[in-house]
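Colleague: Structure for this input, please:
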Amino acid sequence: MSGEIRDIFIIGGGVNGCGIARDAAGRGLSVTLVEQNDLASGTSSASTKLFHGGLRYLEYFEFRLVREALKEREVLLGMMPHISWPMRFVLPLNKEMRFDAETPASRLLARFMPWMKGRRPDWMIRLGLFLYDHMGGRNALPATKALSLVGRPEGAALEAGFERAFEYSDVWVDDARLVCLNARDAAERGARILTRTTFVAAERVDGLWRVTVAQDGVQSHHLARALVNAAGPWVAQALGHVSTAMRGQIRLVRGSHIVVPKLYDHDKCYFLQGADGRICFLIPYEDDFTLIGTTDAEHGAADETPEASEAEQSYLIAFVNGYLRKNITVSDVVWSYSGVRPLQDDGQTSASAATRDYELRFEAQEAALLTVFGGKITTYRKLAEAAVDRLAPESRPWTKGAALAGGGFEFGVKPELEARVAATYPFLEARTVARLVRSYGLDVFDMFGKCQALDELGAGLSTVEVDWLVAHEFAQSAEDILWRRSKLGLHMSAEGVAGLEAYLARSGPVEGAEYELYFGD
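Modeller: Here you go, the predicted model:
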């Protein structure tokens, strides 16, 4: 055990843990973060990939959560215009639709208008969208509008019965890249980011935390003044290995998604309402595909690998087939993924009704303990800011408006940036240029430097990009690169995957503990 004492030791390399690490390091605090697998390898890479207020949460009267998330939407868009961008959502209307959800809003409606029981009338949806437009300080994003689906591209994919819709705004984000860029920023500010490192135990010793971790079967010890438990689905499990009286109940809810070949030609998303009261998104995905999700299913244990079950896939297919002119089947599914949301257990009977709000529990002893329960990707920055405020109340928040690496430009100038990259590196295909800009932004120029030709591995992936991801973004394996730092796994051939694995083996990827060589104090 080194005698060095760190200010904060963080358990968990998801969006909350890496967000806290970035915020704390930027306030001058010394930070160590451990993640048992790759960054964003759990819940944080398995979301629906949206910065949104949660339109459906208004039916649960979660006004504070929705307002905070809506206010963050444009803050985050300004910080990372390369990995996030505005999207328009089409909400089809049909007066024959009925809903079974027992939300507070539907119960209130049924009480005063019993003939409306089981329905979401158009005026109620429009009221919700009016609140959605105005309660969060929307500035850059376009407002809601009514839309005729007849004779328009937005209606071509839908059954003939859908003739009207509302259209509103939210923001897309590459969730896994969000996590990696927060970790990178934290590391460049002095934080130690240790991946493939398992938290074993923590105990208070002489006013400090003595934290035991293991990497490749070898244990080591760290000293810290404060401990942050941001272990996501493993948060309660981690508490069981900490010398504390704090305990917490969380509800593990699995959200699954499927990916199918592109279902329509325009670039808008669909917000679909189901007869069970749930909603489902159709989102353009990785140029050639459509993302469909999500489910809400109770999940067993944190160590149980989440997978999109046959029942969940069938549910999503049946859901969207109730809207689509041309139905899809399970044979159309090219990929599926699933993540576990560690929600606060607020006693709701259904998983859909469980709150998405977060709670920070603080044990203010000489060696402080802060544990994160719940949360959603849109509020990660506010959560991190609140966490560091508790741990270091004398320090000043700084992350609002502070761009992530590569994101120092206005989101509206992305086409000009693509044109600049294409002119500087004419050997890159247009498709690859677009992907690189939406992944790395201005960092494309640092990545390729004076490069005049590429050693291609397939699907637009070059050894230059691989070297960058290993040196700057903590990637170690082909899976890290193809399914988290990018989604090139959807396009890469088996031969390309084998070539990438061989290249990584030859070049010797950096071990997690050695990232201090790149980003040390």
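Colleague: how about the helices of the stretch 251-400 of the chain, start to end?
Modeller: 310-321, 380-391 (DSSP state H, counting those that start in this stretch).
Colleague: Give me the helices and strands touching the last one, please.
Modeller: Looking back up the chat, that one is helix 380-391. helix 15-26, helix 63-79, strand 218-229, strand 358-363, strand 368-374 (3 or more Cβ pairs under 8 Å, 6 or more residues apart in numbering; DSSP states H and E). For glycine as for every other residue, the C-beta is placed from the backbone atoms N, C-alpha and C.
Colleague: E479 is in contact with M492, correct?
Modeller: No. If you go by Cβ atoms under 8 Å, M492 and E479 don't touch, sitting 11.3 Å apart.
Colleague: neighbour count winner among the two?
Modeller: It is M492, of M492 and E479, that has more neighbours when counted by other Cβ atoms under 10 Å, with 23 against 17.
Colleague: and the more buried one, helix, strand or coil?
Modeller: Under DSSP: H, G, I helix; E, B strand; the rest coil, the three-state class of M492 is coil.
Colleague: For it, which non-adjacent residue is spatially closest?
Modeller: What sits nearest to M492 in space, not counting adjacent residues and going by Cβ to Cβ, 6 or more residues apart in numbering, is A459, at 4.4 Å.
Colleague: can you give me phi and psi for the one you found?
Modeller: Phi and psi for A459, reported as degrees, to the nearest 10, are phi 60, psi 30.
Colleague: Run a quick neighbour tally on it.
Modeller: With other Cβ under 10 Å as criterion, A459 counts 20.
Colleague: Could you double-check that it sits in contact with L488?
Modeller: Yes. Contact criterion Cβ under 8 Å: A459 and L488 qualify, at 4.7 Å.
Colleague: mind putting the helices and strands packed on helix 380-391 in a markdown table, distance to L141, mean neighbour count and mean pLDDT included?
Modeller: Below are the helices and strands packed on helix 380-391 laid out as a markdown table (distance: least, Cβ to Cβ, whole Å; neighbours: other Cβ atoms under 10 Å; pLDDT from 0 to 100):
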| stretch | distance to L141 | mean neighbour count | mean pLDDT |
| --- | --- | --- | --- |
| helix 15-26 | 22 | 29 | 98 |
| helix 63-79 | 7 | 20 | 94 |
| strand 218-229 | 33 | 20 | 97 |
| strand 358-363 | 24 | 17 | 92 |
| strand 368-374 | 26 | 23 | 94 |
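Colleague: In TSV, list these along with distance to Q36.
Modeller: Below are the helices and strands packed on helix 380-391 laid out as TSV (distance: least, Cβ to Cβ, whole Å):
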stretch	distance to Q36
helix 15-26	11
helix 63-79	27
strand 218-229	13
strand 358-363	21
strand 368-374	16
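Colleague: And the strands in the stretch 351-500 of the chain?
Modeller: Ranges of strands within the stretch 351-500 of the chain are 358-363, 368-374, 456-458, 461-462, based on DSSP state E, counting those that start in this stretch.
Colleague: again with the stretch 151-300 of the chain
Modeller: Using DSSP E, counting those that start in this stretch, strands in the stretch 151-300 of the chain cover 164-173, 192-194, 198-205, 208-215, 218-229, 250-261, 269-273, 279-285, 289-293, 297-298.
Colleague: quick one, which of those strands is nearest to R107?
Modeller: strand 269-273 (17.4 Å; Cβ to Cβ).
Colleague: List the residues that contact the residue nearest to M492.
Modeller: Applying Cβ atoms under 8 Å, 6 or more residues apart in numbering, we find A459 in contact with 488, 491-493, 496.
Colleague: of all those, which comes closest to S41?
Modeller: For these, the nearest to S41 is L488 (16.8 Å; Cβ to Cβ).
Colleague: from memory the closest one sits against D480, does it?
Modeller: No. Using Cβ under 8 Å, L488 makes no contact with D480, being 11.5 Å away.
Colleague: Which residue of those two possesses the greater neighbour count?
Modeller: Neighbour totals were compared for L488 and D480, and D480 leads with 25 against 22 (other Cβ under 10 Å).
Colleague: Would you mind listing the residues in contact with the residue nearest to the spatial centre of the chain?
Modeller: The structure's the chain has its C-alpha centroid closest to D175; by Cα atoms, centre = their mean the separation is 3.4 Å. Contacts for D175 (Cβ under 8 Å, 6+ apart) come out as 15, 40, 44-47, 49, 377.
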